[in-house]
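Trainee: The following comprises the amino acid sequence and a computationally predicted model.
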Amino acid sequence: MKQLPILLIFVAITNLFANEKEDSLVEKGKAVYAANCAICHTVNGGSALGPDFNIVSYTRTEEEIANYAKDPYANYKKFGHSANAMPTLPLEDIEFKEVAAYISSLQPFKKWMIKKKN
């Protein structure tokens, strides 16, 4: 019985560090966005060449976002686009992960979370 409180403390600490790591990814991703994406994408409904990232966040998974950002030419048809205007960005793998985490964080509710009526 004494092991249960220790286990709960361990789980709480693990979750705390996981949340801090996720927050760090999001913050770093925000900087990557500002330096590389903001010229073509908004995050608050403005007009720009590319789609607003709130919409992207609502409709795409974090993994899809990272894959598209990393290789837009290989993925634009999978996303339903008839052409691609996005350049290939000279980012490191971790930066693609960071910016995807930031974009995904913009919309806490996702399209795929909606229950479908039978």
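Mentor: Everything's here; your move. Numbering: from 1, shown residues only.

Trainee: Going by C-alpha atoms from here, please, whenever you check contacts or count neighbours.
Mentor: Fine.

Trainee: ok, residue 65 to residue 97 distance?
Mentor: Using C-alpha to C-alpha, to the nearest Å, we find residue 65 at a distance of 9 Å from residue 97.

Trainee: And for residue 25?
Mentor: Residue 25 is 8 Å from residue 97, by C-alpha to C-alpha.

Trainee: could you show me where the helices are in this protein, in order?
Mentor: 3-36, 53-59, 62-70, 72-75, 93-105 (DSSP state H).

Trainee: in stretch 26-39, what's buried?
Mentor: Across stretch 26-39, burial judged by 16 or more other C-alpha atoms under 10 Å covers 26-33, 37-38.

Trainee: Closest one of those residues to residue 105?
Mentor: The closest of the buried residues of stretch 26-39 to residue 105 turns out to be residue 26 (C-alpha to C-alpha; 7.2 Å).

Trainee: now that closest one, nearest residue through space, not along the chain?
Mentor: residue 102 (4.3 Å; C-alpha to C-alpha, 6 or more residues apart in numbering).

Trainee: contacting residues around that neighbour?
Mentor: Residues in contact with residue 102 (C-alpha atoms under 8 Å, 6 or more residues apart in numbering) are 25-30.

Trainee: Just send the buried residues of stretch 26-39 back as JSON lines, with pLDDT and distance to residue 59 too.
Mentor: Shown next, in JSON lines, are the buried residues of stretch 26-39 (pLDDT from 0 to 100; distance: C-alpha to C-alpha, whole Å):
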{"residue": "26", "pLDDT": "95", "distance to residue 59": "18"}
{"residue": "27", "pLDDT": "96", "distance to residue 59": "21"}
{"residue": "28", "pLDDT": "96", "distance to residue 59": "22"}
{"residue": "29", "pLDDT": "96", "distance to residue 59": "19"}
{"residue": "30", "pLDDT": "96", "distance to residue 59": "19"}
{"residue": "31", "pLDDT": "97", "distance to residue 59": "22"}
{"residue": "32", "pLDDT": "97", "distance to residue 59": "21"}
{"residue": "33", "pLDDT": "96", "distance to residue 59": "18"}
{"residue": "37", "pLDDT": "95", "distance to residue 59": "18"}
{"residue": "38", "pLDDT": "94", "distance to residue 59": "19"}
